[in-house]
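K.L.:
Kindly return the folded structure for what I paste below:
(one chain, ligands or ions: 1)
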Amino acid sequence: MATETTAPTDPAPEPPEGVTETPPVPPPMTEESAAAEAARYPQPVVDVPALTALLDGRYAEVRNLVRTNLVEYASILEEAESLDRAAFRERVKEVVLEMAATGQTGMGFPQEYGGGGDVGASFAAFETLAFGDLSVLVKVGVQFGLFGGAVLQLGTKRHHDAYLRDLVTGKLMGCFAMTETGHGSNVQALGTVATYDAEAGEFVITTTEPEANKDYIGNAAAHAELAVVFAQLEVAGERHGVHAFVVPIRRDGAPAAGVRIEDDGLKMGLNGVDNGKLWFDGVRVPREALLNRFADVSEDGTYSSGIENPNRRFFTMLGTLVQGRVCVGGGGINASKVALAIAVRYALRRRQFEATSEDEEELLLDYGQHQRRLFPLLAQTYALHFAQEVVAGQCHQVFSGEVSDEKARRELESRAAGTKALGTWHATRTIQECREACGGAGYLAENRFAALKADTDVFTTFEGDNTVLLQLVAKGLLTDYAGEFEEMDQLGMVRFVAGLAVETVVERTSVHKLLERVRDLLPGGDQWDQEAGVLDSDYQLAMLRFREEHILAGVARRLKRGIDSGMNPGEVFSRVQDHVIHAARAHVERLVLEAFVDKVRAMPDDDNKVALGLLCDLHALSLIEADRAWFMEHGRLTVVRSKEISRRIGSLCRRIRPLARDLVDGFGVPDAMLRAPDLVG
Ligand SMILES: Cc1cc2nc3c(=O)[nH]c(=O)nc-3n(C[C@H](O)[C@H](O)[C@H](O)COP(=O)(O)OP(=O)(O)OC[C@H]3O[C@@H](n4cnc5c(N)ncnc54)[C@H](O)[C@@H]3O)c2cc1C
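P.N.:
Numbering: from 1, shown residues only. Presented below is the predicted three-dimensional model:
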């Protein structure tokens, strides 16, 4: 982050693309002593409260309310281990309802129904809740995000009037029944059918085939009275695609007539949430049970919708549910903060082996490898935090009507998908690394890693499987978020990409144009990637942008070649899928870095800016280092520069070392949520 901008000189110029490089002799690498380094770069002094205020942003008050509630119910962390499953579920429900009474879980609902009327605040509240027990978090997500969100976004006034007030207090518990045993990611292929009976003015909900039962549904096994059921709508023998219906599934604790409920049983984690399966055997609900914001059926059985194209209608409906995805991404990122806070604090207490002194063993955090393991993850957590802030802000704007254009909405959906995927994969990786960094102590349940690992694992799968989500991101990129994309099925999309859009993508991302754009960012002319300093954030961003567009162009060219050779479009797409995922990941990584760079640039010139600048540089260089094979293969990184980057990472880690405690304290995770008294002191 331009904390030091002197350009290191490379002895050998980069050979052009495609030319085999003879490795030049690297210059001697001098390892500076920590003292010499510290003298060369004055160390910033972190203002921790100011850092927390920066991270908390405009919703500091909301986040503090949640922190207070978490501390009040801190015993839930132990109860997760001591209570049996049934009792723990009841305890989680109790805590959720008590927290709901403080207003923290209803921030996103309209004020007229007892909510807070602020979508952005609901993200802040949810993210902060991830510092605590994650069954509580997920139950809140199911009740207020999934169930409540579906009623609010897909329903109309009659549904809002009937359900929202009790839903917001938790008096009315519900579930979101979309997934089936037979179909999870492919929602359009669901097997549950809702047939309109015009004579009775009712819909008849039926599980039509063995695997069409609903599955994994949170709140279904024990607590939900109502379900928002996603089913294929059939009117007068004609199918109109997936629509959502409010269906009573339980009365006075017993399954409603025609509904069969089974418990999903013990899970890897999140055992305070009652996930279950649902079957419907001709369950009748009134015509008004259809959540009819986007389509309706009149009494006489006439189907109508303001959105003609069934695919577009389907994607529009799903698009309104994007808030859940934003929440889960933020939850994953905040769970990573808990793991890092514990691991860093432990590494500042724990000593192993005499290394630099004969009298005293070395602190774990003074080992270079320990820094290398934890600090890039710390830097990435900060990066993702700021990226999450951007996506949550955009989501707030779209859902509060501040921004209404269609392209912005599609870009938001793509960004939410990408941030969720990277944020939750990051959680899985970070929690594992932090567990290992705490050695055997990390394995004890009391020290939180058991729950953190088990409970966050599935974040990569629910609210959209990460791999499937990244394909969605790539499709947005390939079609430049074209409106027509929503109207196409999978095969149509491939044809579209391979036919029309490919020319545009190839043109847009041609190496010539890429270099031109990068040159606008950097003053170094054709040698931009050699002349700029590796700590120049414009250089770092240019590298990531170059990679993203180059990969995207490669995908487009491969799709076109496949189609031109007459291959089945689905087969073509499948063959380039790894390339597609790489393109999406490269895109999202660039967005994440951009969010971090923008944030740091906007800070006042103080020590916190210097500290975050170090983290930002570390994050950027770690990304380049992780994909250095690609950059070298594509002639954008010499051996010398690659080594320079690795050396800089080491030196940044050493500079971050004295700041590490403050940087994790800045997250503002309440001590009671860290538990682990022997680890964190
Ligand atoms: C604890 C838990 C709670 C849940 N809560 C709810 C809930 O409340 N309500 C609800 O409706 N659902 C819920 N779900 C379901 C969840 O949303 C689905 O599990 C998820 O969407 C994935 O679907 P699936 O399990 O069918 O996996 P699949 O879609 O079968 O995917 C399996 C694997 O195949 C890969 N894959 C799939 N398609 C492709 C493709 N086109 N190309 C390449 N790879 C592919 C995926 O990446 C994945 O690795 C929950 C699930 C769990 C585990």
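K.L.:
going forward, measure contacts and count neighbours with C-alpha atoms only.
P.N.:
Noted.
K.L.:
Can you read off the backbone torsions of the residue nearest the centre of the chain?
P.N.:
The chain has residue 420 as the residue nearest its centroid, 1.5 Å off, counting by CA atoms, centre = their mean. Main-chain dihedrals, residue 420, degrees, to the nearest 10: phi -60, psi -50.
K.L.:
same deal with residue 600?
P.N.:
Taking degrees, to the nearest 10 as the convention, residue 600 sits at phi -70, psi -40.
K.L.:
Mind pulling up the pLDDT for it?
P.N.:
For residue 600, the pLDDT comes out at 98.
K.L.:
Hmm, residue 615 and it touching each other?
P.N.:
No: between residue 600 and residue 615 there is no contact under CA atoms under 8 Å: 9.9 Å.
K.L.:
Would you mind telling me which of these two has more residues around it?
P.N.:
residue 615 (29 against 21; other CA atoms under 10 Å).
K.L.:
how close does that one sit to residue 621?
P.N.:
For residue 615, the distance to residue 621 equals 10 Å [CA to CA, to the nearest Å].
K.L.:
how close does residue 109 get to the ligand?
P.N.:
Applying CA to the nearest ligand atom, to the nearest Å, the value for residue 109 to the ligand is 19 Å.
K.L.:
Is it correct that that residue falls within a strand?
P.N.:
No: looking at residue 109 with DSSP: H, G, I helix; E, B strand; the rest coil, it is coil, so not inside a strand.
K.L.:
how about it, phi and psi?
P.N.:
Dihedral angles for residue 109 - degrees, to the nearest 10 - are phi -90, psi 160.
K.L.:
Is it in contact with residue 115, as I believe?
P.N.:
Yes: under the criterion of CA under 8 Å, residue 109 makes contact with residue 115 at 4.3 Å.
K.L.:
Now the common contact residues for those two.
P.N.:
Both residue 109 and residue 115 are in contact with residue 168, where contact means CA atoms under 8 Å, 6 or more residues apart in numbering.
K.L.:
OK, contacts around the residue in the stretch 251-400 of the chain that the ligand sits nearest to?
P.N.:
Here the stretch 251-400 of the chain gets closest to the ligand at one residue, residue 275, 6.5 Å apart by CA to the nearest ligand atom. Counting by CA under 8 Å, 6+ apart, residue 275 touches 215-221, 263-265.
K.L.:
Let's see that with 10 Å instead.
P.N.:
Listed by CA atoms under 10 Å, 6 or more residues apart in numbering, the contact partners of residue 275 are 175, 215-223, 262-267.
K.L.:
ok, back up a step: higher neighbour count, residue 109 and residue 115?
P.N.:
Just comparing residue 109 and residue 115: by other CA under 10 Å the higher neighbour count belongs to residue 109, 23 against 20.
K.L.:
Just the buried ones from the contacts of residue 275, in ChimeraX syntax?
P.N.:
Typed into ChimeraX, the line below selects the buried ones among the contacts of residue 275, using 16 or more other CA atoms under 10 Å:
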select :175,215,216,217,218,219,220,221,222,223,263,264
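K.L.:
Among the contacts of residue 275, which are located in strands?
P.N.:
Among the contacts of residue 275, the members found in strands (DSSP state E) are 175, 215-218, 262-263.
K.L.:
Keep only those residues that also lie close to the ligand.
P.N.:
216-218 (CA under 6 Å from any ligand atom).
K.L.:
what's the overlap in contacts for residue 615 and residue 621?
P.N.:
With CA under 10 Å, 6+ apart as the test, residue 615 and residue 621 both reach 376, 652.
K.L.:
got the residues of the stretch 401-550 of the chain near the ligand?
P.N.:
Proximity of the stretch 401-550 of the chain to the ligand (CA under 6 Å from any ligand atom) is limited to residues 458, 461-465, 467-468.
K.L.:
and of those, the nearest to residue 435?
P.N.:
Residue 435 lies nearest to residue 458 out of those, by CA to CA, at 17.7 Å.
K.L.:
Checking that closest one next. Helix, strand or coil?
P.N.:
Three-state call for residue 458 (three-state DSSP): helix.
K.L.:
hang on, isn't residue 274 packed against residue 174?
P.N.:
No: contact criterion CA atoms under 10 Å: residue 274 and residue 174 do not qualify, at 11.6 Å.
K.L.:
Give the intersection of the neighbour lists for those two.
P.N.:
Here residue 274 and residue 174 have 218-220, 223-224 as joint contacts, going by CA under 10 Å, 6+ apart.
K.L.:
show me what contacts residue 158?
P.N.:
288-289, 291-292.
K.L.:
Would you format those residues as CSV with neighbour count, pLDDT and distance to residue 607 included?
P.N.:
Below are the contacts of residue 158 laid out as CSV (neighbours: other CA atoms under 10 Å; pLDDT from 0 to 100; distance: CA to CA, whole Å):
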residue, neighbour count, pLDDT, distance to residue 607
288, 19, 98, 59
289, 19, 98, 57
291, 24, 98, 52
292, 23, 98, 54
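K.L.:
Enumerate the residues of the protein near the ligand.
P.N.:
Residues of the chain lying near the ligand (CA under 6 Å from any ligand atom): 142, 176-179, 183-185, 216-218, 458, 461-465, 467-468.
K.L.:
Show only the entries of those residues found in helices.
P.N.:
Secondary structure from DSSP state H places 467-468 of the residues of the chain next to the ligand in helices.
K.L.:
What's the PyMOL line that selects buried ones from the residues of the chain next to the ligand?
P.N.:
Filtering the residues of the chain next to the ligand down to the buried ones (16+ other CA under 10 Å) takes a single PyMOL command:
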select buried, resi 142+176+177+178+179+183+184+185+216+217+218+458+461+462+463+464+465+467
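K.L.:
A strand includes residue 646, no?
P.N.:
No: Residue 646 is assigned helix when assessed by three-state DSSP, not a strand.
K.L.:
please renumber so the chain begins at 256
P.N.:
Got it, the first residue is 256 from now on, which makes the last one we talked about residue 901.
K.L.:
what about the closest residue to it other than its chain neighbours, distance to residue 640?
P.N.:
Nearest residue to residue 901 in three dimensions, chain neighbours excluded: residue 880, at 6.8 Å (CA to CA, 6 or more residues apart in numbering). Plainly put, residue 880 is 21 Å away from residue 640 if you go by CA to CA.
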